[in-house]
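Asker: Pasting the sequence and the predicted model now:
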There are 2 protein chains.
Amino acid sequence: MTALVRLRLDIGYDGSDFAGWARQPNQRTVQGVIEDALARLLRLDPPPALTVAGRTDAGVHARGQVAHVVVPVASYSAVNGTMPRRLAGLLPPDVRVWRVSVAPEGFDARFSALSRRYAYSVCDDPVGVDPLRRHDVLRHPRPLDLGRMNAAAALLVGEHDFAAYCRKREGATTIRRLLRFEWHREEPAGTRARVDGMDGRVPPGMAARRGVAIATVEADAFCHSMVRALVGAMLVVGDGRREVEWPSQVLAARVRDSAVNVAPAHGLSLEEIRYPQDEDLARRAQETRRVRTLS
Amino acid sequence: MTALVRLRLDIGYDGSDFAGWARQPNQRTVQGVIEDALARLLRLDPPPALTVAGRTDAGVHARGQVAHVVVPVASYSAVNGTMPRRLAGLLPPDVRVWRVSVAPEGFDARFSALSRRYAYSVCDDPVGVDPLRRHDVLRHPRPLDLGRMNAAAALLVGEHDFAAYCRKREGATTIRRLLRFEWHREEPAGTRARVDGMDGRVPPGMAARRGVAIATVEADAFCHSMVRALVGAMLVVGDGRREVEWPSQVLAARVRDSAVNVAPAHGLSLEEIRYPQDEDLARRAQETRRVRTLS
């Protein structure tokens, strides 16, 4: 019998050139690329299978993705300690495994998670997106009123049936607890220049620019395309095409509403997965499994 | 006789896919792309010629580039006010003209400038660069000691002959006034997550990561490749391969030193051009021209 060890991997990627997280035949996927690198490093055939906290769609980025993988102790021992550095050499530059650690007892990347936190970035400057940010910031052609968006977002926080914002999957619950949904605006580049020094002057060409608007969206879990549908509903509130109450009215109807546009993938990034203290990991995983099964 | 107007353009670009600022035959350059868009918008043939504050090399980015252009008043009047927005539609997403304004009397984008400020970004995390920043952050494979780099940089500030850090051009002075040269470290992504909320917890996978090191480099003007040569000298001090005094010893020798590696282009960004108050623009331009001619 082979002694096995469960490893936790902390992962970041630029989703632009990936067909999403989940391995698919003949597609470049984050899961596929990392599993293949692990197979090479640990000399495992077939490659070990990753279990992920947040399955991201094609084009979605991540700074705080978490996955676990079970591998033979002997394979791990041979590279123990050098694994992130050696993986770094095997992986392409658009994906990084920041940390590899032996998972605490009871840890399951998916089922132990308390919550997932995403960020969605939008630029409503009439001239467009800073060229250096165009791969992870959506351009929105109309000015956004974050006060209205925050008022609309607050009405959605809490435990609800989010069927109206989900792509329906037969036999799966669409009840989720939305823990946090709020917008803030980054300082525009010109302001950063001022903070850096320069006698408090704002460079005149930059003073008028609008900083990137960022949504923080956190829930116990998300249905498929839920974050992007929620953001899509906010954008039409922010630019005045819908009333502040509209997204909550859509929610209450509990059916997928074709008036809700799913916002494009490239503005979205998975920022953080939260887990309980080590002693609660196994209990949390059991609870999550039970809830998902009941529904 | 055609009445003319001088316009100031505030510009940003991702330098990755450009063969630098300066127009060259059969090359995609920032100047060429903007001049062609201006020609289309203002119906000018041949395209109007841009004068730029900082000629950037292939692969170098800009957030605060400034140029001026002289065009017929009649052409400008036809689009006055809508120009940034209409240019935005004609330009590719890797270059933006943030602002177009009628230049104050005496303004010359190049000769009126008091100083140019650049930023150079380096990541010394052993696992590599955040995938979403890999187009504008250099990877350095050894840990950098910013204390040593700041001590070395301070020895270079002031008016000196920077011949040792310049690609020599016959008949041109290499005397420059280095106004500011200092390094700071960005908070790593994990710390940002903490600041965003989340009970003050640092996500465990991120806690160990090293934030991006950023050089602020400002001078009245720079010789060709000077910023990248200065940064190259700092990197070998920061990782311990050279002593803190070495860059100033190289400077004092006043000859190009082959031991100085010019740092790669993609970590560099032109952040800001500083100009005097409007009433001093013409005098500043005259002074600059005189100094450059004398030398």
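Answerer: That came through, no problem.
Asker: show me where chain A has strands.
Answerer: With DSSP state E as the criterion, chain A has strands at A:4-13, A:51-52, A:61-72, A:95-102, A:115-123, A:138-139, A:158-161, A:175-185, A:213-219, A:268-274.
Asker: Including mean pLDDT, mean neighbour count and distance to chain B, could these go into JSON lines?
Answerer: Just so you know, the C-beta spots here come from the backbone N, C-alpha and C atoms, and that holds for glycine as well. Converted to JSON lines, these look like this (pLDDT from 0 to 100; neighbours: other Cβ atoms under 10 Å in any protein chain shown; distance: least, Cβ to the nearest Cβ, whole Å):
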{"stretch": "strand A:4-13", "mean pLDDT": "97", "mean neighbour count": "22", "distance to chain B": "2"}
{"stretch": "strand A:51-52", "mean pLDDT": "98", "mean neighbour count": "19", "distance to chain B": "13"}
{"stretch": "strand A:61-72", "mean pLDDT": "97", "mean neighbour count": "24", "distance to chain B": "5"}
{"stretch": "strand A:95-102", "mean pLDDT": "96", "mean neighbour count": "22", "distance to chain B": "4"}
{"stretch": "strand A:115-123", "mean pLDDT": "98", "mean neighbour count": "23", "distance to chain B": "7"}
{"stretch": "strand A:138-139", "mean pLDDT": "98", "mean neighbour count": "20", "distance to chain B": "8"}
{"stretch": "strand A:158-161", "mean pLDDT": "96", "mean neighbour count": "14", "distance to chain B": "17"}
{"stretch": "strand A:175-185", "mean pLDDT": "97", "mean neighbour count": "17", "distance to chain B": "7"}
{"stretch": "strand A:213-219", "mean pLDDT": "98", "mean neighbour count": "23", "distance to chain B": "6"}
{"stretch": "strand A:268-274", "mean pLDDT": "97", "mean neighbour count": "25", "distance to chain B": "5"}
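Asker: nearest to B:Ala74, of those strands?
Answerer: The closest of these to B:Ala74 is strand A:138-139. By Cβ to Cβ, the value is 32.1 Å.
Asker: Not counting its own residues, what contacts the closest one?
Answerer: With Cβ atoms under 8 Å, 6 or more residues apart in numbering or on different chains as the test, strand A:138-139 has contacts from A:120-123, A:128-129, A:263-264, A:266-267.
Asker: do the same with stretch A:161-172
Answerer: Applying Cβ under 8 Å, 6+ apart, the contact partners of stretch A:161-172 are A:174-176, A:178, A:223-226, A:229-230, A:233, A:250-257, A:260, A:292, A:295.
Asker: So which of those residues are in helices?
Answerer: Among the contacts of stretch A:161-172, the subset assigned to helices under DSSP state H consists of A:226, A:229-230, A:233, A:250-253, A:292.
Asker: List the residue ranges of the stretch 151-295 of chain A that fall below the pLDDT cut-off.
Answerer: A:189-208, A:292-295 (pLDDT under 70).
Asker: Repeat the analysis, applying 50 as the threshold.
Answerer: A:191-200, A:205-207, A:294-295 (pLDDT under 50).
Asker: start to end distance for stretch A:263-275?
Answerer: 28 Å (Cα to Cα, to the nearest Å).
Asker: Buried subset of the ones in helices among the contacts of stretch A:161-172 as a PyMOL selection?
Answerer: Applied in PyMOL, the following selects the buried portion of these according to 16 or more other Cβ atoms under 10 Å in any protein chain shown:
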select buried, chain A and resi 226+229+230+233+250+251
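Asker: Nearest to chain B among the ones in helices among the contacts of stretch A:161-172?
Answerer: Proximity of the ones in helices among the contacts of stretch A:161-172 to chain B (Cβ to the nearest Cβ) peaks at A:Leu230, which lies at 17.9 Å.
Asker: any idea how far that closest one is from A:Leu156?
Answerer: 7 Å (Cβ to Cβ, to the nearest Å).
Asker: give the contact list for the residue nearest to A:Glu35 when sequence neighbours are not counted.
Answerer: In this structure, A:Glu35 finds its nearest non-sequential neighbour in A:Pro47, 4.0 Å apart by Cβ to Cβ, 6 or more residues apart in numbering or on different chains. Going by Cβ under 8 Å, 6+ apart, A:Pro47 touches A:35-36, A:38-39.
Asker: Tell me how many other residues crowd the residue of the stretch 51-200 of chain A found nearest chain B.
Answerer: For the stretch 51-200 of chain A and chain B, the shortest gap (Cβ to the nearest Cβ) falls at A:Pro131, measuring 3.8 Å. For A:Pro131, the neighbour count with other Cβ atoms under 10 Å in any protein chain shown is 25.
Asker: wait, it sits on B:Tyr13?
Answerer: Yes: with contact defined as Cβ atoms under 8 Å, A:Pro131 counts as touching B:Tyr13 (5.3 Å).
Asker: Find residues that contact each of the two.
Answerer: Joint contacts of A:Pro131 and B:Tyr13 (Cβ under 8 Å, 6+ apart) are B:61, B:94-96.
Asker: what's the span of stretch A:248-264 from first residue to last?
Answerer: Using Cα to Cα, the distance between the terminal residues of stretch A:248-264 is 21 Å.
Asker: Sorry, slip of the keys, the one I care about is stretch A:46-54.
Answerer: Using Cα to Cα, first and last residues of stretch A:46-54 are 23 Å apart.
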